[in-house]
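Undergrad: my questions are about this predicted structure, shown below with the sequence.
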Amino acid sequence: MDVQAMHMSDGLVDARASTLFYIVAALGVALAAWRARSELDERSAPVAGLLTAFVFALQMINVPVLPGVSGHVVGGALTALLVGPFTGALCVTIVLVVQAFVFADGGLSALGTNITNMALAGVAAGYASAVLLRELLRRRRPQSPLTALAGAAFAAGFVSIGAATTGFVVEYALGGTAVPFADVAYLYGVHVPVGIVEGLVTAAVVVAVAWARPDAVRLLRGGARPAPSPRLTRVQLMGALGFATLIVAGALAPLASSSPDALDAATRRGCESATETRTGDCMARNVREHRLADGALAGYTVGERDESAWVAGLIGAALTFVTAGVSFRVLVRPGATTRRERVPAPEPPSQPPF
């Protein structure tokens, strides 16, 4: 059984469950697309496209979280806090679609389950927890606005991983077989450090954007006090985000850990003892090879050459940016920016409303 992937693979759940969650994912993405029209305008759509490419690049970096186990950032909470929960769900969905069809990462039949886990459940839980926690932290420490924002963003990232993990448990329970409690405990255990990494990255990026351009953080909009003057122009923010994407995809991604991803490690636990008749407790015993495993960019390499990972990363980031940019531009309501620009800009307050 040589199939390895960062996301759920074909055969991990049965056809009935795969179909069910394709329907759930389709309905969820349709709702997100409809509601994202109220979050997007002509200025925010390109930023959302760049953010999608940035998340694609982040997902390429697997970092060691436990001996023999690695993890990667999902980016659901990050996108939700910056561009809104509905646009954020679309960002992660686009990343998952590109990964499945271009890089053979995540099964084609499992795409519905992956979208439900990470783009729907993870984004919703992460954003909701950030909204609740930010208000509580701001009340307790009103003089530390960035600290409150960082705490809320960290919690959002951590919770989003827990929600995605729970989503997998539910999906496997519906479409897999009975799994011993020890394996479920191990699944959550290996995802705790992944959640910590997710929280740290989410907090760092959100706080950095809030410091540079507070009005670019969706979580900060609608407060009682107006936003302070930005330190960067929107073009400069996009340039910084684009540069970060190039660095992550082109320079850091090739350094990613080769250890199995946390989900892969958990689902393959016990596979060594499974018999040829595929009995035993191994969750991944029915996993099949990806149908596009022979693709030109399968495995995030070009022609299976390991030294070409940086090229595949840049190609993937560019493809994701174009796909997301076009998709978000289609969703923008005509004249959305014009209407907003008619509202006079408020005077900056002495204390930022973080």
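TA: Received it, and whenever you're ready, just let me know what you need.
Undergrad: I'd like the next helix or strand past the helix or strand where residue 80 lies.
TA: If you go by DSSP states H and E, residue 80 is part of helix 76-83. Sequence order places helix 85-102 as the next helix or strand after helix 76-83, per DSSP H and E.
Undergrad: pull that following helix out as PDB, backbone CA atoms only.
TA: Backbone C-alpha positions of helix 85-102 (Å, rounded to 0.1, in the frame of the first residue of the first chain) are rendered in PDB as follows:
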ATOM      1  CA  PRO A  85     -15.900  33.000   6.300                       C
ATOM      2  CA  PHE A  86     -17.800  32.500   3.000                       C
ATOM      3  CA  THR A  87     -14.900  33.700   0.800                       C
ATOM      4  CA  GLY A  88     -12.500  31.800   3.000                       C
ATOM      5  CA  ALA A  89     -14.500  28.500   2.400                       C
ATOM      6  CA  LEU A  90     -14.100  29.200  -1.400                       C
ATOM      7  CA  CYS A  91     -10.400  29.800  -1.000                       C
ATOM      8  CA  VAL A  92      -9.800  26.400   0.600                       C
ATOM      9  CA  THR A  93     -12.100  24.700  -1.800                       C
ATOM     10  CA  ILE A  94     -10.100  26.000  -4.800                       C
ATOM     11  CA  VAL A  95      -6.900  24.900  -3.200                       C
ATOM     12  CA  LEU A  96      -8.300  21.400  -2.700                       C
ATOM     13  CA  VAL A  97      -9.600  21.100  -6.200                       C
ATOM     14  CA  VAL A  98      -6.300  22.200  -7.700                       C
ATOM     15  CA  GLN A  99      -4.500  19.700  -5.400                       C
ATOM     16  CA  ALA A 100      -6.800  16.800  -6.400                       C
ATOM     17  CA  PHE A 101      -6.900  17.300 -10.100                       C
ATOM     18  CA  VAL A 102      -3.400  18.700 -10.800                       C
END
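Undergrad: re the thing from before, which neighbouring elements make contact with the helix holding residue 80?
TA: helix 44-59, helix 85-102, helix 123-140, helix 145-175, helix 181-212 (3 or more CB pairs under 8 Å, 6 or more residues apart in numbering; DSSP states H and E). For every residue, glycine as well, the C-beta is placed using N, CA and C.
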